[in-house]
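Peer 1: Using only what follows, build the 3D model:
(2 chains)
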Amino acid sequence: MSEIIFSFDDKMYKGQHGEPLAAALLRNGLLSITNSTYHGRPRGVVGLGVEEPNALVQLVSGTQESMLPATVIEVAEGLSARSLTGIGALPDAPDEARYDKTNCYVDTLVIGAGLAGLKAAGEELRAGREVLLIDDQPGPGGHLRHLGAGLPSALQDVLAHQNLTYLSRCTATGLYDQNYVIAIERRSDHLGSAAPANRARIRVWHIRAGQIVLTPGAFQRPLIFANNDRPGIMLSHAAATYVTVNGVRIFRTAVVTTVDNQGYRDALRLHNAGVQVQAIYDARPGAKGSSVDAASAAGIPIRFRAAVLDTASNAEGALHSVTIQDLDTKDAFEITADLLAVSGGWTPIVDLATHIGIKPKWSEEHAAFLVNHFTDKLRTAGMLAGDFGGDDDPSVFFGPALDAEQARYAYIDLQRDATLHDLRRGVGAGLSSIEHIKRYTTIGTAHDQGKTSGMLTIGALCQLGDAGQGGKPGLSPADVGTLSFRPPYVPIPFVALAGRERGELSDPIRITPLHQWHVEAGAVFEDVGQWKRPWYFAKPGESMEDAVRRECIAAREGVAVMDASTLGKIDIQGPDAAVFLDRIYTNMFSTLPEGQCRYGLMCKADGIVFDDGVTTRLGKNHFLMTTTTGGAARVLAWLEEWLQTEWPDLKVYCTSVTEHISTIALVGPKSRQLLSELVTDIDLSKDAFPFMHSRMATIDGIPVRIARISFSGELAFEVNAEWGYARYIWERLWALGRSYDLTAYGTETMHVLRAEKGYIIIGQDTDGTQTPHDLNMSWIVSKKKEFIGKRSFQLPYLKATGRPQLVGLLPEDGDEVIPEGAYITALNARPDEHGKIPHTGFVTSSYYSPALGRAFALALVADGLSRMGEMVDVPIGKKLLSATICDAVFIDKENIRRD
Amino acid sequence: MIAKESPLKGMDTGTAAAVTIRELPGLHTIDLRVAPGTEAQAAVAEALGIELPGKPGRIRAVQVLGESEAHALCLAPDWWLIVGYQEAVEKLAPLKNGHHFSVVDVSGQRTTIELEGPNAREVLAHLWEQDLREKSFPAGSVSQGLMAKAPVIVCHIAPSRYRVMVRSSFALHLWKALVDAAEEWN
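Peer 2: Below is the predicted model of the structure:
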C-alpha cells in the first residue's frame, strides 16, 4: 500500500492505493457525502460493495463515468471524483477509452472467490477440469478480505493451479440458459493514470461453461426504524471492516443493533480497534455462541429484546443519538453514539439463480431466501446454499413497530427515498403482490436494484399484516416470495456493450475491387445494404444534379462505365438445373440456348415479386444467375430452401460466386467501338454478337466473359472477370476511353437510365405487394409451366380491380421533379364524408431526364394501366402538382438503341 | 501474365511477438459439391488423387504434385473447399458427363488472413463465438460462422496458426477488426 493524493468534490485528500474510495472518504472524516435524491437528507456510506444504496459518485478523471458506488471505486493515482445526488449525467465528450469483449469456453465456471468458491474450484481442479473463477472484488477471499485475513495455504494452492484462471474485478451480470454467463471485468480504473492506453477499460466476457458453481455470498441487511438513514448508521460488517482493515478512526462511540451473532463479532472488532461500544441491542430473547461469550467477556453490555426505534442527528445531520426500545415493555430510552452498526441478518445473493427461473426458498432458520440447487450443470454453495459458516442463529426481525409519524422517515430504499409510510400507502391502496408494491413505491428500482431494500420490503409487508396495519396477517416471507431479478446484476455502461463495434467497426463495409479507384475519382458513395457504391462522380464545382445530368448524357450519347460488381451471382449446376430454374422463375429457362442470357423474375409462393436479374446459360446443365445487390444472400437461401426441403430429388447444386466475379458495365452508343480496342479475340459486331448473348474472350490474356446485357436500353456490354482483375481491366478501359470522353457513373444515373426505359427496381418500385401483372409484366409470366407463386395469381384479391399498378407519370411542369413517395389523388378530388381526400397511389421513382428534357416518374396507381392519359393531382405540402398517367417506358419503345 | 490484385493489397503485416496477422493472397480455391458415399464422390476423389475428409469440420492436408501446401476442407456432408490445387477443375471436367457433382472455381470469392503466434487464439476469441479450445477445435479443424459480422471460414491449420477465409468484399473490414482485436496483445 502506498499513500497517494486523490480529489473529491474539488478538494485533495490522502488515500491508500487500492483501498475503496468509501474507506478513504470515511478516514478523511467525510461521514456525510451526499444528499438524498428526493428528500434532500444528508447521507453517507452504508455498505461495502455493489449493495451500497447511498454513496454514488461521478468520476471527474478518465471516462467521467457516472453512478458508481464509492464502495467499489479503488483509490488510484490521478483519481478525481465528485458526489452525486442520485441522478448522474453523461459527459458531453465521447468516451474514448477502450472497451472490448471476448468469448470463453470452460469446463467449470465458479462465480465468487470466497471460501466456498475457492473450495469448489479446488474440487473441480482435482477432478481434472479447467476452471474459470471470477469475483467482483479486487482480490480473492470474500469475507476473509473484510476481516483483513490472508488465505489459508490450501486455497492459495488452488489459485496457483495451472488449470485455473482467476479474474478479479469481474462481475457476473447475467445467467442464461445452457450455462451461458455474461460478466464484466473492470480492468484499468484501479491502475489510475498508470493504465496502458491499449488496455480495455471494461471487458465483457461471454462465458459458456460445462458446469457452473454459484457461490456469490450474501449482503448484510439493514433494519427499519425511524431516521435510519443518517450518516453514521452503517451495516455492522461494513463499519467493522472500515475501522479494522482500512484504519478509519472517526468513530468514538458506537451502538450495535442486531438480530444475529454477526452483530457480536462486529462489535468485538470495533471494541478491539478502540471504539467504545456502548452496548449491543439484540432483538432476540437470548443468544448463545462463542462470539456472544467473547463480547460479554470484553465487557460490552448486552441487552436482549431491544432494538433501535429512532435516531437524532447533530447540527451537520450526522448521527448523534439513538433511541432504544424494549420490545416487550415498549419503554424507550436514548443513548448517544456517532456510529450505529446494524446487523439485520444476511441476504444471500439469489439474483443469478433467479435469472434462469430458479425459485429461492425461504428458510426460517436462516431468516433468508436460499437456493439449494444441485444438478450436473449448476450447483450452489456457500451462503446462497445456507452455509452461513458460523453460529449466527438469526431471528426473523426487520424492525420494531412504528407509528405513522415514525414511518415517514423509516427508509426502506435509501436511493429512492422510499419509506415504510410509502409501503403502507401501497398496501392501503389494496396492493398485495410484492411486484405491484415495488412498482407503486419504486422500491428496488434504483441503480442497486433492491440489493438491500428488497428483503426489507418483504419483511415489512409481513409485519404490517401481523400488526393489523394493512395487508394479510400471518404472512411469512415464504408466502410473499422474492422480487424478480433480471440481468444485469450490476449496471453495465452502454459503451462497454458496444465494445469495439463503434465507428467504422460498427457494421461491415463491403467494397468492390474498384473501391479505391472510386475514392480517388471523388465518388460520393451511397450505402446499398452493407455495400458502398458510388452514387455519382462529381467534378470540382459540380452539384449532384450537374454530375448526374452529365453522366446520363454520356451514357445515352457517348460511352459511360459503371462498377456492377455488387450484383449477386450464383453458379447453378446439375442435370436438373434447367427444370429447377423453370420452377423458380415465372418465365421459361429450359428453352434458353447455351451462351444466351435471359431476364428472369421470381415470386414467392404468395405470387408477390421477390427478386429479378439476368441468368446466363453457360452450358447444358450450367447456369449463372445474377440477383439484385441486396437480394444475393436471401435468393441463395431461397434456392437452397426449395432444394433441401421440397425438391431433394432435383440434382442441382448452387454456389455463391458474388465476389469471385467482378462486373463492369460499359454503356452507350460508342461502347462497342471502345471495347473492340480492348477485346480483339471475338467479334463484337451486332450480327456476330447479338443482344442477350454471352461470349468468352480475353483481355491482355485475362479470361473474361462478355455479355450484351443492358439496364438502360442503350447498347451495352458487361465485362465479367475474376475479382482480382477488375482494377486492371477498369484502368485499361479508362486509359483507352480518354479519347471517347469515357464517363464513370454511379447508382443515381443508373436509376435514371433504367427508369427512362421503364425497368423496375424491386424494393423501390414495389412495396412487397405487387404481382408481375401489377407491374405490367404479364409478358414474363409463363402459361406453359408451373412455378412458385403461379397458383396464387388465381386468388380473388390478386385479380380484383383497384390494385396498384405500375405506370409512368409526367408532371405538367416539366421542371418539377416530384418527391419520391408523394401521394397521388384524383384530379380535383374533394374530401369524402370523413373530411379526407382518398389517395389513388404514390410515386415510387422520380427523376429529371436529360434525354427527355423534363422530369418524369414511375408510380403505383390504382388500376393505373387502364387510366392512361388521365390527369391526377400530387399534393406536396401546400402545393398541388398536376401530372398525367402514361406508359412506364419513356425512351426507345421500339428497342432500337440497344443494338 | 497480368497479376491479380488481392483485396488486402498494401496492408501492413507487422510481425509481433504475440500474434502476426498477414494476408495469404491468391490461394487457389475450388468449391466442390457431391453427395457423400456415392460413385460420383469416389470418382471425384480418384480423379483428384486425394482423399476427401468425410467429417464436416475437418481439414485434410493433401499432397498435390507441384503444390507446396494443399488442403481439403469439409464444410458439410456434401460440401468441400479444396485450397491450393490449381488443376482441380481441369481434372474434374471429364467426369461431368457421367456423374452429378458441382465444381466451381471460387479463388476470387475469398481471401485468407493468417494469424500466427502464441496469442492467436486469444485474439480470435474476441471476435469468434465458437469454442476454440484444443479439445473442441484442434489443429485440422474448420468451422463457418460470423466474425465481426462478416461470414468467414476459420481453419485451425497448425498449433497457434489459424486461417480466416473471408469474402473479398468483407476483407478490409475483417482485417481492421482483427488488427484492432490484437491491439492489447501486441
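Peer 1: measure the residue in the stretch 651-800 of chain A that chain B sits nearest to to B:Thr112 for me?
Peer 2: Chain B sits closest to A:Gly724 of the stretch 651-800 of chain A, with a gap of 3.0 Å, by CB to the nearest CB. To be clear about C-beta, it is placed using only N, CA and C from the backbone, and glycine gets the same treatment. Between A:Gly724 and B:Thr112 the distance is 13 Å, computed by CB to CB, to the nearest Å.
Peer 1: number of nearby residues for A:Arg672?
Peer 2: When counting by other CB atoms under 10 Å in any protein chain shown, one arrives at 19 neighbours for A:Arg672.
Peer 1: where does the nearest residue to it once chain neighbours are set aside fall, helix, sheet strand or coil?
Peer 2: Using CB to CB, 6 or more residues apart in numbering or on different chains and skipping the chain neighbours, the partner closest in space to A:Arg672 is A:Leu684 (5.4 Å). The local conformation at A:Leu684, judged by DSSP: H, G, I helix; E, B strand; the rest coil, is coil.
Peer 1: can you give me phi and psi for A:Leu684?
Peer 2: Dihedral angles of A:Leu684 (phi, psi; degrees, to the nearest 10) stand at phi -90, psi 0.
Peer 1: tell me the contacts of it?
Peer 2: Listed by CB atoms under 8 Å, 6 or more residues apart in numbering or on different chains, the contact partners of A:Leu684 are A:Arg672, A:Leu675, A:Ser676, A:Ile706, A:Phe717.
Peer 1: and what of A:Arg732?
Peer 2: Neighbour list for A:Arg732: A:Leu678, A:Ile699, A:Asp700 [criterion: CB under 8 Å, 6+ apart].
Peer 1: A:Ser296 contacts A:Phe304, doesn't it?
Peer 2: No. The pair A:Ser296 and A:Phe304 does not pass the contact test of CB atoms under 8 Å, sitting 12.0 Å apart.
Peer 1: re earlier: of the contacts of A:Leu684, keep whichever come out buried.
Peer 2: Under a neighbour-count criterion of 16 or more other CB atoms under 10 Å in any protein chain shown, the subset of those counted as buried comprises A:Arg672, A:Leu675, A:Ile706, A:Phe717.
Peer 1: from memory the second one sits against A:Ala665, does it?
Peer 2: No. Under the criterion of CB under 8 Å, A:Leu675 is not in contact with A:Ala665, lying 11.3 Å apart.
Peer 1: Return every residue with contacts to both of these two.
Peer 2: Overlap between the contact sets of A:Leu675 and A:Ala665, as judged by CB under 8 Å, 6+ apart, is given by A:Phe717, A:Val719.
Peer 1: and the chain, what are its domains?
Peer 2: You didn't say which chain, so I picked chain A. Residue ranges for the structural domains of chain A, counted by automatic domain parsing, are given in the record as A:3-83, A:97-222+A:345-396+A:483-506, A:224-343, A:398-475, A:515-565+A:661-753, A:568-656, A:801-893.
Peer 1: I was after chain B.
Peer 2: By the record's domain assignment, chain B is partitioned as B:14-26+B:109-185, B:29-105 (automatic domain parsing).
Peer 1: The residue of the stretch 101-250 of chain A found nearest chain B - how many residues pack around it?
Peer 2: Among all residues of the stretch 101-250 of chain A, A:Tyr105 sits closest to chain B, at 4.2 Å; criterion: CB to the nearest CB. A:Tyr105: 21 surrounding residues under other CB under 10 Å.
Peer 1: check which helix or strand covers it.
Peer 2: For A:Tyr105, the element it lies in under DSSP states H and E is strand A:99-111.
Peer 1: The worst-scoring helix or strand of chain B on mean pLDDT pairs with which strands, parallel or anti?
Peer 2: Counting by mean pLDDT, DSSP states H and E, the weakest-scoring helix or strand in chain B turns out to be strand B:59-62, with a mean of 90. Each strand that strand B:59-62 pairs with, and the sense of that pairing, follows from DSSP bridges: strand B:70-76 (antiparallel).
Peer 1: In the partner strand, which residues are buried?
Peer 2: B:Ala70, B:His71, B:Ala72, B:Leu73, B:Cys74, B:Leu75.
Peer 1: out of the residues you listed, who's nearest A:Gly47?
Peer 2: Comparing the buried residues of strand B:70-76 against A:Gly47 with CB to CB picks out B:Leu75 as the nearest, at 54.0 Å.
Peer 1: ok but A:Arg547 is inside a strand, no?
Peer 2: Wrong residue type there; residue A:547 is Ala, not Arg. No. According to three-state DSSP, the state of A:Ala547 is helix, so it is not within a strand.
Peer 1: Any figure for the gap between it and A:Ala855?
Peer 2: 17 Å.
Peer 1: Equivalent analysis for A:Asp392, please.
Peer 2: Remark: distance between A:Asp392 and A:Ala855 (CB to CB) = 84 Å.
Peer 1: element containing the one residue sitting closest to the centre of chain A, please.
Peer 2: With distances taken as CA atoms, centre = their mean, chain A has A:Leu497 as the residue nearest its mean C-alpha position (6.7 Å). Counting by DSSP H and E, the secondary-structure element that holds A:Leu497 is helix A:494-498.
Peer 1: Let me see the residues that make contact with the helix or strand that that helix is followed by.
Peer 2: Proceeding C-terminally, helix A:494-498 gives way to helix A:515-520 as the next helix or strand, assigned by DSSP H and E. Helix A:515-520 is touched from outside by A:Phe525, A:Lys532, A:Pro534, A:Phe537, A:Asp563, A:Arg727, A:Trp730, A:Glu731, A:Ala744, with contacts defined as CB under 8 Å, 6+ apart.
Peer 1: ok, then the element right after helix A:515-520?
Peer 2: strand A:523-528.
Peer 1: Sheet partners, orientation included, of that next one?
Peer 2: With DSSP bridges as the criterion, the sheet partners recorded for strand A:523-528 are strand A:531-537 (antiparallel).
Peer 1: give me the number of residues near A:Ser32?
Peer 2: For A:Ser32, the number of neighbouring residues by other CB under 10 Å comes to 21.
Peer 1: Next one: the residue of chain B found nearest chain A from A:Arg169, what distance?
Peer 2: Minimum separation of chain B from chain A (CB to the nearest CB) falls at B:Lys4, amounting to 3.0 Å. Here the distance between B:Lys4 and A:Arg169 works out to 49 Å (CB to CB).
Peer 1: Ok, A:Asn621 next?
Peer 2: Per CB to CB, A:Asn621 is found 62 Å from A:Arg169.
Peer 1: now swap in A:Trp517 and tell me
Peer 2: For A:Trp517, the distance to A:Arg169 (CB to CB) stands at 49 Å.
Peer 1: Same question for B:Gln144.
Peer 2: Shown here: B:Gln144 relative to A:Arg169, a distance of 35 Å by CB to CB.
Peer 1: Give me the buried stretch members for the helix or strand harbouring A:Asp611, please.
Peer 2: The secondary structure element spanning A:Asp611 is strand A:609-619 (assigned by DSSP H and E). Within strand A:609-619, the residues that qualify as buried are A:Val609, A:Phe610, A:Asp611, A:Asp612, A:Gly613, A:Val614, A:Thr615, A:Thr616, A:Arg617, A:Leu618, counting by 16+ other CB under 10 Å.
Peer 1: Need these in TSV (columns: distance to A:Leu270 and pLDDT).
Peer 2: Formatted as TSV, the buried residues of strand A:609-619 follow (distance: CB to CB, whole Å; pLDDT from 0 to 100):
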residue	distance to A:Leu270	pLDDT
A:Val609	79	97
A:Phe610	76	96
A:Asp611	76	97
A:Asp612	81	97
A:Gly613	80	97
A:Val614	85	98
A:Thr615	85	98
A:Thr616	87	98
A:Arg617	90	98
A:Leu618	88	98
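Peer 1: Nice, that's everything, thank you.
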